[in-house]
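[1] fold the following.
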Amino acid sequence: MFWENIRRIVRTGVTNFLRSGFISLTAILMIMVPLFILSSLLFTNFLLEEEIRSLQDRVDINVYFVTTTTEEKILALKQQLEKLPEIASAEYLSAEDVLQRFRTRHENDQLTLQALDELGENPFGATLSIKAKEVSQYSGIADFLSDRMTDETGQAFIDDINYYRNKVTIGQLGDMVDRTQREKIIQTLFLAVIALFVIFNTIRLTIYHSREEIGVMRLVGASNAYIEGPFIVEGLLYGSVGAIIILILLFPVTYWFGSYFSVFPSITGSVSDIRVFEYYVSHFLYVSFVILGTSLLLSGASSFVAVRKYLSV
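    A predicted model of the protein is given here:
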């Protein structure tokens, strides 16, 4: 008997949904708007996080040593650094390695190479390239190195510490992530409120048009659940259909977005490989859960409130 009542409630709700026609279509379109904004928020977060990871991989601390610094002292400092829990790697380049890299980088610049040969000696000192496990740890590493600019005898040891190359860019990108998230959340909430009112009024109109049927059901002693249930089912259908349409549309949209923008330069200045479609396919269950869950929450809540307000049974 219980399942038979459930079946009847669902069937009546589906019938009301199909019978509403244009009203149902309007409610579905209205709930699709905040859902699309929400999905764009998910993909925007993915793209910005990819950019941040790309920049983080490029950030390091380059320590340039005085040309008279011995290899023994540099390797001793390298060992001290590797003992720090913040250090991911520390690569040592001898003065000869630095010179060779410079020559390779300027192999087509004969004027520069000629000027270098005229010096008669290697003008470069050895270097250490240091990577931290987290970007936030670079400041502490830089302070650690700043305290060791001279050796124990007071002689110049480290010539320069070049760290802040990409720090400002990463800070700006992080701020942009926060700002974008806030804006998207505000937009989503604003449109969600509109969708709530639309579904609320749609259910209210459906209740109004069904007032004679509701009166008959009351006279024959129908239960509260049997009277209220179809309207809640109808509201849930608005949300679920809107969510399914959005999830289907995201396939061509993300595919087009990725193929069209894959040749555009990223924030880092290099050509960005925007894998939005691959991200959507691999995270389809997660995106579906967020979109469908949000949609059912909005439509279910507004339907429930409308039913409780306009059906005093």
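[2] low-confidence regions, this protein specifically.
    1-2, 52, 55-56, 164-167, 169-171, 173-174, 177, 258-274, 312-313 (pLDDT under 70).
[3] the longest helix seen in the chain: what's the following helix or strand?
    For the chain, the helix that runs over the most residues, judged by DSSP state H, is helix 167-209. Downstream of helix 167-209, the first helix or strand assigned by DSSP states H and E is helix 211-219.
[4] can you mark which positions in that following helix are buried?
    Buried positions in helix 211-219, judged by neighbour count with 16 or more other C-beta atoms under 10 Å: Ile214. The C-beta positions use only the backbone N, C-alpha and C, and glycine is treated the same way.
[5] helices or strands next to it in the packing?
    helix 224-261 (3 or more C-beta pairs under 8 Å, 6 or more residues apart in numbering; DSSP states H and E).
[6] buried residues of stretch 60-74, list them for me.
    Using 16+ other C-beta under 10 Å as the burial criterion, the residues of stretch 60-74 that qualify are 60-61, 63-66, 69, 73-74.
[7] tell me the one of those nearest Leu205?
    Leu205 lies nearest to Asp60 out of the buried residues of stretch 60-74, by C-beta to C-beta, at 63.0 Å.
[8] ok, now which ones touch the closest one?
    129-131, 163 (C-beta atoms under 8 Å, 6 or more residues apart in numbering).
[9] in terms of secondary structure, what does the helix or strand harbouring Leu25 contact?
    Element membership of Leu25 [criterion: DSSP H and E] is helix 22-58. The contact analysis (3+ C-beta pairs under 8 Å, 6+ apart) places helix 22-58 against helix 167-209, helix 224-261, helix 276-282, helix 284-310.
[10] 7 Å instead?
    helix 167-209, helix 224-261, helix 284-310 (3 or more C-beta pairs under 7 Å, 6 or more residues apart in numbering; DSSP states H and E).
[11] adding mean neighbour count and distance to Ile87, write these out as a markdown table.
    Output for those, formatted as a markdown table (neighbours: other C-beta atoms under 10 Å; distance: least, C-beta to C-beta, whole Å):
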| stretch | mean neighbour count | distance to Ile87 |
| --- | --- | --- |
| helix 167-209 | 16 | 17 |
| helix 224-261 | 19 | 36 |
| helix 284-310 | 18 | 34 |
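[12] and Met32, which of these is closest to it?
    It is, among the helices and strands packed on helix 22-58 and with distance given as C-beta to C-beta, helix 224-261, at 4.6 Å.
[13] now the angle between helix 167-209 and that closest one, please.
    Interaxial angle of helix 224-261 relative to helix 167-209 (axes from the mean of the first three to the mean of the last three C-alpha atoms, to 10 degrees): 140 degrees.
[14] for helix 224-261, which helices and strands make contact with it?
    So helix 224-261, by 3+ C-beta pairs under 7 Å, 6+ apart, packs with helix 2-20, helix 22-58, helix 167-209, helix 211-219, helix 276-282, helix 284-310.
[15] just put those helices in a markdown table and tack on distance to Asp109.
    Listed next are the helices and strands packed on helix 224-261 as a markdown table, based on distance: least, C-beta to C-beta, whole Å:
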| stretch | distance to Asp109 |
| --- | --- |
| helix 2-20 | 72 |
| helix 22-58 | 24 |
| helix 167-209 | 27 |
| helix 211-219 | 86 |
| helix 276-282 | 40 |
| helix 284-310 | 50 |
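[16] so for Glu118, which of the ones you listed sits nearest?
    Closest to Glu118 of the helices and strands packed on helix 224-261, according to C-beta to C-beta: helix 22-58, at 33.6 Å.
[17] look up the closest residue to the spatially most central residue of the chain, ignoring the ones flanking it.
    Against the mean C-alpha coordinate of the chain, by C-alpha atoms, centre = their mean, the closest residue is Asn45 at 1.7 Å. Nearest non-adjacent residue to Asn45, counting by C-beta to C-beta, 6 or more residues apart in numbering: Gln181, 6.9 Å away.
[18] which ones are touching Met176?
    Leu48 (C-beta atoms under 7 Å, 6 or more residues apart in numbering).
[19] quick check on Tyr64: phi, psi?
    Torsion angles at Tyr64 (phi, psi; degrees, to the nearest 10) stand at phi -100, psi 120.
[20] contacts only, for Ile161.
    Counting by C-beta under 7 Å, 6+ apart, Ile161 has contacts 61, 63, 142, 145-146.
[21] secondary structure and distance to Arg101 added to those residues, as TSV?
    Output for the contacts of Ile161, formatted as TSV (DSSP: H, G, I helix; E, B strand; the rest coil; distance: C-beta to C-beta, whole Å):
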residue	secondary structure	distance to Arg101
Ile61	strand	18
Val63	strand	16
Ala142	helix	23
Leu145	helix	22
Ser146	helix	25
